[in-house]
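Engineer: have a look; sequence and predicted model below, questions after that.
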Amino acid sequence: MTQYQITLNEEQIKALFLEKNGLKNLVEPVLNQVLEAQVTEHIGAEHYERSDERKAYRNGYRHRKITTRIGTLTLRIPQIREGQLDFQMFQRYQRSEQAFVLYLMEMVLQGVSTRKVTAITEELCGASFSKSTVSELCKNLDSIVNTWRTRPLSSQSYPFVMVDALVIKVRQNGMVRPNSVLIAVGVNEDGHREILGFSIGDSESEATWNSLFLNLKNRGLSGIELVISDDHKGLVKAVQRYFQGVVWQRCQVHFIRNVLGHSPKKYMPAISSRLKEILEAKDKKTARNLAYELISEYEGRASDAMQCLENGLEDVIAILSFPKYYFRKLRSTNMVERLNEEIRRRERVIRIFPNEDSSIRLIGALLVEYDEKWISGRKYLNMEPLKMWKAESKQNNLKEESKIIAIN
């Protein structure tokens, strides 16, 4: 990782605490020094330095403005005579930050904001915005998000897929309506997490899930062994339709809430403790025995809860068929829930999206950044246990087929 030596004078440090734009005035020179260091590294020589290592020559500066939450920064972009130098700072400049700023601008331009929102916009961004600025930002972000949403998934398989949804509010035809954000996350054959895709629909129905799953299949999604989700009827039907033969794992966190929601309050602690024992069993046989004991003990006192447990038992312990290594991370949709929390963090500020395009833009930009972090980060799962399990299962199936043939 490249190291930069930054210098700041005493006045700049004091201004950070004493002036209104102190942070802006501090960040601006820091970024300019970083740009200068990058061009020096690229050229291989300092200003006016004679060096056999020199690769190019400086050619002055051009100024570029970047609007951020701490104000509008004016940066001095070093130029070189031979070609053009691309700075990573601008290539990966906070796409989700741009989307957030863009949303605030849209609120002002579309007349749905109050004076308070206008004040917040100027406070956060340090500038007022024209329609041409909004249009240019839209083109950039929409292109990035659309390219990412339509990227092929056929280059590798995704053994594990998690899906979940959350509700946002979108202004449509002058009215505020609830919309569902459907998100699919996968773990690829190398063990890295990827955000496979997302869509926005007017409800969390079978039709909206069908649309998302069809999109994923058309883009090449394959090799699925396990799908983890909540027990939403429309979602489950869509999973059964598009992922036939794939094991479905019902989210254990949601399942516990459902069972306890049907339990009399005085029995909740005891039932909750017993449920955890069932779900943490070493195999399906043990889990079933523990469940039947609980049902037998409480069927007269918490009949609705026990009926809920009995109906969902097989789906909620499906993960126990897989290697034990995967139990903890694949027994629930917590991984997607964390993404939902990040979306919620922005959505609480926004409250109501001005239109569907705006919601796709902001949520998409945020998910693109998380996807990049996950793919370039450490592996989420070790996939060797799965490979060994599949090889062993295949060997066992061959033995069973041989026995059947021998008997016949």
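Structural biologist: All right, it came through fine.
Engineer: need the strands for the protein, in chain order.
Structural biologist: 58-68, 71-80, 160-172, 175-187, 193-201, 226-229, 247-250 (DSSP state E).
Engineer: need the winner for burial among the ones you listed.
Structural biologist: Most buried of the strands of the chain, by mean neighbour count (mean count of other CB atoms under 10 Å): strand 226-229, with a mean of 24. In short, each C-beta sits where N, CA and C put it, glycine included.
Engineer: what about that one, average pLDDT?
Structural biologist: What strand 226-229 shows for mean pLDDT is 96.
Engineer: swap in stretch 297-317?
Structural biologist: The average pLDDT for stretch 297-317 rounds to 95.
Engineer: with distance to residue 211 added, can I get the strands of the chain in JSON lines?
Structural biologist: Shown next, in JSON lines, are these (distance: least, CB to CB, whole Å):
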{"stretch": "strand 58-68", "distance to residue 211": "35"}
{"stretch": "strand 71-80", "distance to residue 211": "41"}
{"stretch": "strand 160-172", "distance to residue 211": "13"}
{"stretch": "strand 175-187", "distance to residue 211": "9"}
{"stretch": "strand 193-201", "distance to residue 211": "6"}
{"stretch": "strand 226-229", "distance to residue 211": "16"}
{"stretch": "strand 247-250", "distance to residue 211": "19"}
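Engineer: distance between the ends of stretch 347-354?
Structural biologist: Taking CA to CA, to the nearest Å, stretch 347-354 runs 12 Å from one end to the other.
Engineer: buried sites along that stretch?
Structural biologist: Neighbour-count burial for stretch 347-354, counted by 16 or more other CB atoms under 10 Å, picks out 347, 350, 353-354.
Engineer: what's the answer for stretch 36-49, then?
Structural biologist: Buried residues in stretch 36-49, counted by 16+ other CB under 10 Å: 36-39, 43, 45.
Engineer: kindly report the same for stretch 336-344.
Structural biologist: By neighbour count on 16+ other CB under 10 Å, the buried set for stretch 336-344 is 336-337, 339-340, 343.
Engineer: looking at these, which is nearest residue 278?
Structural biologist: Distance to residue 278 across the buried residues of stretch 336-344 (CB to CB) is lowest for residue 337, with 21.8 Å.
Engineer: contacting residues around the nearest residue to that closest one once chain neighbours are set aside?
Structural biologist: Distances taken as CB to CB, 6 or more residues apart in numbering place residue 164 nearest to residue 337, at 6.6 Å, with adjacent residues excluded. Taking CB atoms under 8 Å, 6 or more residues apart in numbering, we find residue 164 in contact with 182-183, 229-230, 333, 336-337, 340.
Engineer: for those residues, which one is nearest residue 236?
Structural biologist: Checking the contacts of residue 164 against residue 236 by CB to CB gives residue 229 as the nearest, at 7.4 Å.
Engineer: so the closest residue to that closest one other than its chain neighbours bridges to which residues?
Structural biologist: Nearest residue to residue 229 in three dimensions, chain neighbours excluded: residue 163, at 4.8 Å (CB to CB, 6+ apart). On the basis of DSSP bridges, residue 163 is bridged to residue 184.
Engineer: ok, residue 163 touching residue 336?
Structural biologist: Yes. Counting by CB atoms under 8 Å, residue 336 is a contact partner of residue 163 at 7.1 Å.
Engineer: now for the two: what residues contact both?
Structural biologist: Common neighbours of residue 163 and residue 336 (CB under 8 Å, 6+ apart) are 183, 185.
Engineer: before we move on, the earlier item: mind checking which of the strands of the chain is nearest residue 380?
Structural biologist: strand 193-201 (4.6 Å).
Engineer: among the buried residues of stretch 347-354, which ones are in helices?
Structural biologist: In this view, the buried residues of stretch 347-354 that belong to helices under DSSP state H are 347, 350.
Engineer: so which of the strands of the chain comes closest to residue 276?
Structural biologist: Ranking the strands of the chain by proximity to residue 276 (CB to CB) places strand 247-250 first, at 15.5 Å.
Engineer: which residues are contacting that closest one?
Structural biologist: Strand 247-250 has contacts (CB under 8 Å, 6+ apart) with 225-231, 236, 239-240, 312, 315-316, 318-319, 321-322, 330-331.
Engineer: render the CA-only coordinates of it in PDB, please.
Structural biologist: The C-alpha trace of strand 247-250 is given here as PDB (Å, rounded to 0.1, in the frame of the first residue of the first chain):
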ATOM      1  CA  VAL A 247     -32.400 -27.400  -0.900                       C
ATOM      2  CA  TRP A 248     -34.300 -24.600   0.700                       C
ATOM      3  CA  GLN A 249     -33.300 -23.500   4.200                       C
ATOM      4  CA  ARG A 250     -35.800 -21.400   6.200                       C
END
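Engineer: note down every partner strand of that strand and its orientation.
Structural biologist: Using DSSP bridges, strand 247-250 pairs in its sheet with strand 226-229 (parallel).
Engineer: just the CA atoms of the partner strand, as PDB, please.
Structural biologist: C-alpha atoms of strand 226-229 as PDB (Å, rounded to 0.1, in the frame of the first residue of the first chain):
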ATOM      1  CA  LEU A 226     -28.800 -24.200  -1.000                       C
ATOM      2  CA  VAL A 227     -31.200 -21.200  -0.900                       C
ATOM      3  CA  ILE A 228     -31.700 -19.400   2.400                       C
ATOM      4  CA  SER A 229     -34.700 -17.200   2.900                       C
END
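Engineer: so who does residue 268 touch?
Structural biologist: Contact analysis of residue 268 by CB under 8 Å, 6+ apart lists residue 260.
Engineer: kindly apply the preceding question to residue 284 instead.
Structural biologist: Shown in contact with residue 284 (CB under 8 Å, 6+ apart): 317, 320-321.
Engineer: also residue 315?
Structural biologist: By CB under 8 Å, 6+ apart, the contact set of residue 315 is 231, 248-250.
Engineer: now for those residues, which pair is the farthest apart?
Structural biologist: The span of those, defined through CB to CB, is set by 231 and 249 at 10.6 Å.
Engineer: model confidence for residue 160, exactly?
Structural biologist: For residue 160, pLDDT reads 97.
Engineer: was I right about it contacting residue 186?
Structural biologist: Yes. With contact defined as CB under 8 Å, residue 160 counts as touching residue 186 (6.6 Å).
Engineer: picking up where we left off before, from the contacts of residue 164, pick the one nearest residue 169.
Structural biologist: Among the contacts of residue 164, residue 340 lies closest to residue 169 (CB to CB), at 15.1 Å.
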